[in-house]
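In: Sequence and predicted structure, then a few things I'm wondering about:
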Amino acid sequence: MEQTAKLLEKTEAPAIQGIRKFGIRDKVGYMFGDVGNDLFFTLISGYLMLFYTDIYGISAATAGMILLVARILDALFDVAWGAYVDSRPVGAKGKFRPYLLYSAIPVTAFGILTFTYFPVAAGWQVFLATATYIIWGLAYSTINIPYGSLASVITSDPVERTSLSTFRTMGAILANVFIMTVAPIIIFGSGKTPTANGFVTIAIICAVLAIICYLSSYRLTVERIRTVKPASEKVNLLITVKGLFKNKALLGIMLASFGMMVSLMVVSAITPYLFKDYFKTPGLISIAGLIGLGSALLAMPLVSPLVKKYGKKESAVIGLIIAVVINFIMFVLPITSPYVYIGFYFVSSFGMAFLNILVWAMVSDCIDYQQFITGKREEGTVYSVYSLVRKIGQGVAGGLGGFALVAVGYNSGLQIQTEEAAIGIKSLITLIPALGSLIALVAIVWIYNLSKQRLVWLNEQLKNNNRL
């Protein structure tokens, strides 16, 4: 502990005069940043596979391999970029906000190219699809890692960080609603098949809106926590890595996020099959998606009061208990009505929404805890390591959904699936989220160690050493 205190005393945060207090401008500005990020992220998650198979004519297996390879490279680059950002000095405009300007054009330009059809030979189609998506993913990291780290330097107050996390979730919902409602109209036009012009048109629209959002986020947010590194300080990778392994809070939130992402993405991937093959009501697919978003909107006004009274960890546990119980009930019950399923799904999504809303604020607390352990402020590195695990969870969910469908007997060549396959689909979409939410609950309860009382103690320690 004495060694940690000495490390903390090496650097003092400079006093920043004339900086306005934290308020609604920061919240709205931070929300705009996530709208900008999620416009393309949601578009790619929902429609890139369709673009590859139906426009480029690439096989589903090849398209899946492109997505997997790109995601692995993207996740690895996250860590490298996070370390690079941490190595840079704090400028007049802050440490992280400037990247909202620097990377806005590259990430949106490659987003457009990712959905642009080039009439070339088959081999070149695969190459272009792979290259544009990989480069977009790298460009996305250059803006997403600084943006995610930004919350930890806007404010150190636990309740204010919760409000930032809430507004970030609101930004994600706005982007998702836009893609869910507008993208199909533009991509499919008046027909039943997607068009190349439709894909590039929606990409251009998303690019323009994203740039506006990034500029708004830059203008409205303020970095209040600024750490100046001594010129003599050198990067000590060993201290950083040791700190990451000692950071139980970070390990806990990473495992919880892994369980959460597997749950959410498996549900998203299998929902069309559930309503198409089990309930035989494909018209309810969009309604189910909107219901899931609605549950998050309902949870939002409840999160801050709960955090003030109980704390972030404790509030997340309440929600996860709801999600675990409801998902296991859904797995056990022989639900035959799509409306009964939607009702249960709303409640389970409501429970999971607590962690989904709070996770960004909890990551910011992990950054503070890493600083306490190592004596170094490494927002980019910590956030990028968290992002790596989150993306691994997304990749696992994608592969798990496909393998699980095959395991229950789903046959894409059949217009009407067997009864066994249909029942298997219902089991998958309830059991996997139940297990994923259980993993998240165990991780938050027994590994994540930043309770409400411990966060108060942590902030006092850092403030006493002039670091917050």
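Out: Yes, it's here.

In: and Thr227, what pLDDT?
Out: On pLDDT, Thr227 comes in at 66.

In: what does Met260 give?
Out: pLDDT, Met260: 93.

In: quick one, what contacts it?
Out: By C-beta atoms under 8 Å, 6 or more residues apart in numbering, the residues touching Met260 are Met352, Leu355, Asn356, Val359, Gly393, Gly436, Ser437, Ala440. Quick note: C-beta positions are derived from backbone N, CA and C, even for glycine.

In: mind redoing it with 7 Å?
Out: Counting by C-beta atoms under 7 Å, 6 or more residues apart in numbering, Met260 touches Met352, Leu355, Asn356, Gly436, Ala440.

In: among these, which two are most distant?
Out: Asn356 and Gly436 (12.3 Å; C-beta to C-beta).

In: Give me the lowest-pLDDT entry from the contacts of Met260.
Out: Asn356 (91).

In: contacting residues for it?
Out: So Asn356 contacts Thr169, Met260, Ala296 (C-beta under 7 Å, 6+ apart).

In: which helix of this structure spans the most residues?
Out: helix 338-374 (DSSP state H).

In: Tell me which other helices or strands the next helix or strand after it touches.
Out: Remark: after helix 338-374, the chain's next helix or strand is helix 379-407, criterion DSSP states H and E. When contacts are defined as 3 or more C-beta pairs under 7 Å, 6 or more residues apart in numbering; DSSP states H and E, helix 379-407 sits against helix 60-87, helix 122-154, helix 248-273, helix 338-374.

In: got a markdown table for the ones you listed, with distance to Phe199 too?
Out: As requested, the helices and strands packed on helix 379-407 are exported to a markdown table (distance: least, C-beta to C-beta, whole Å):
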| stretch | distance to Phe199 |
| --- | --- |
| helix 60-87 | 14 |
| helix 122-154 | 12 |
| helix 248-273 | 19 |
| helix 338-374 | 29 |
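
In: buried stuff in stretch 52-70?
Out: Buried residues in stretch 52-70, counted by 16 or more other C-beta atoms under 10 Å: Tyr52, Thr53, Asp54, Ile55, Tyr56, Ile58, Thr62, Ala63, Gly64, Ile66, Leu67, Ala70.

In: Now do the SS call for the third one.
Out: Look at Asp54: counting by DSSP: H, G, I helix; E, B strand; the rest coil, its state is helix.

In: Which pLDDT value goes with it?
Out: Looking at Asp54, the pLDDT reads 80.

In: Ignoring the adjacent residues along the chain, who's closest to Gly243?
Out: The spatially closest residue to Gly243, leaving aside those adjacent along the chain, is Thr374, at 3.8 Å (C-beta to C-beta, 6 or more residues apart in numbering).

In: Which secondary structure state does Gln415 sit in?
Out: Under three-state DSSP, Gln415 comes out as coil.

In: Return the distance of it relative to Gly424.
Out: 17 Å (C-beta to C-beta, to the nearest Å).

In: Which residue of these two possesses the greater neighbour count?
Out: Gly424 (21 against 7; other C-beta atoms under 10 Å).

In: and the direction of the longest helix of the chain versus that of helix 122-154, what angle?
Out: Orientation of helix 338-374 against helix 122-154 (axes from the mean of the first three to the mean of the last three C-alpha atoms, to 10 degrees) gives an angle of 60 degrees.

In: Give the buried residues for helix 338-374.
Out: If you call a residue buried by 16+ other C-beta under 10 Å, then helix 338-374 has these buried ones: 338, 341-342, 344-374.

In: now swap in stretch 176-190 and tell me
Out: The neighbour-count check on stretch 176-190 (16+ other C-beta under 10 Å) flags Asn176, Phe178, Ile179, Ala183, Pro184, Ile186, Ile187 as buried.

In: could those residues be laid out in CSV, adding pLDDT and distance to Val303?
Out: Formatted as CSV, these follow (pLDDT from 0 to 100; distance: C-beta to C-beta, whole Å):
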residue, pLDDT, distance to Val303
Asn176, 88, 18
Phe178, 91, 23
Ile179, 87, 24
Ala183, 85, 29
Pro184, 83, 31
Ile186, 89, 34
Ile187, 85, 34
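
In: low-scoring stretches of the stretch 301-450 of the chain, by residue?
Out: By pLDDT under 70, the weakly predicted segments of the stretch 301-450 of the chain are 398-399, 401-402, 412-413.

In: picking up where we left off before, select, out of the helices and strands packed on helix 379-407, the one closest to Leu100.
Out: Using C-beta to C-beta, the helices and strands packed on helix 379-407 put helix 122-154 closest to Leu100, at 6.6 Å.

In: Could you pull up the mean pLDDT of that closest one?
Out: pLDDT averaged over helix 122-154 gives 91.

In: quick one, that helix and helix 379-407 angle?
Out: 130 degrees.

In: could you say what helices and strands helix 122-154 packs with?
Out: Looks like helix 122-154 contacts helix 24-50, helix 60-87, helix 99-102, helix 104-114, helix 158-188, helix 338-374, helix 379-407 (3+ C-beta pairs under 7 Å, 6+ apart).

In: got the CA positions of the shortest one in CSV?
Out: In CSV, the C-alpha atoms belonging to helix 99-102 read as follows (Å, rounded to 0.1, in the frame of the first residue of the first chain):
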residue,chain,number,x,y,z
TYR,A,99,-10.4,11.9,-31.5
LEU,A,100,-14.1,12.6,-32.0
LEU,A,101,-12.8,15.1,-34.6
TYR,A,102,-9.7,13.2,-35.9
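
In: For that helix, report the contacting residues that lie outside it.
Out: Gly33, Thr142, Ile143, Pro146, Tyr147, Tyr214, Ser217, Tyr218.

In: For stretch 129-147, buried residues please.
Out: Result for stretch 129-147 [16+ other C-beta under 10 Å]: buried residues 129-130, 132-147.

In: typed the wrong thing, it's stretch 408-421
Out: For stretch 408-421, using 16+ other C-beta under 10 Å, the buried residues are Val408, Gly409, Tyr410, Gln417, Ala421.

In: what two of those residues are the furthest from one another?
Out: With C-beta to C-beta as the measure, no two of the buried residues of stretch 408-421 lie farther apart than Val408 and Gln417, at 9.3 Å.

In: Tell me how many other residues crowd Ala121.
Out: Ala121: 8 neighbours (other C-beta under 10 Å).

In: How about Ile439?
Out: 19.

In: isn't it right next to Ser263, touching?
Out: No. Between Ile439 and Ser263 there is no contact under C-beta atoms under 7 Å: 8.7 Å.
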